[in-house]
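Chemist: this one's sequence-less:
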């Protein structure tokens, strides 16, 4: 299958795979998360863990932030 240049975007293969029932939603989300982490941090596990810890801390210490995250899903 060929794809037009203007219809390309990161994650397109994952979207096609889920649309064609090649992968399920959980697999899609797992792969998307891994790809985003790799894009942001490369192999820097310390930077990745630092961001994860900051997000978890925000969720625990700022109830408003937690509500915003829940309402945006």
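Modeler: That came through, no problem. On a predicted model such as this, the values are computed, not experimentally measured, just so you know.

Chemist: Can you get me a residue count around residue 49?
Modeler: The criterion is other Cβ atoms under 10 Å. On that basis, residue 49 has 11 neighbouring residues. (Glycine included, C-beta is placed from N, CA and C.)

Chemist: Please apply the same query to residue 18.
Modeler: Going by other Cβ under 10 Å, the residues that sit close to residue 18 add up to 16.

Chemist: Nearest spatial neighbour of it, chain-adjacent residues omitted?
Modeler: Spatial nearest neighbour of residue 18, chain neighbours left out: residue 28 (4.9 Å); criterion: Cβ to Cβ, 6 or more residues apart in numbering.

Chemist: thought that neighbour was touching residue 14?
Modeler: Yes - the criterion here is Cβ atoms under 8 Å, and residue 28 meets it with residue 14 at 5.5 Å.

Chemist: ends of stretch 21-29, how far apart?
Modeler: Stretch 21-29 has an end-to-end distance of 14 Å (criterion: Cα to Cα, to the nearest Å).

Chemist: And that stretch, what's buried?
Modeler: When burial is assessed from 16 or more other Cβ atoms under 10 Å, stretch 21-29 yields the following buried residues: 23, 28.

Chemist: who's in contact with stretch 20-38?
Modeler: When contacts are taken as Cβ atoms under 8 Å, 6 or more residues apart in numbering, the neighbours of stretch 20-38 outside the stretch itself are 10, 11, 14, 16, 17, 18, 48.
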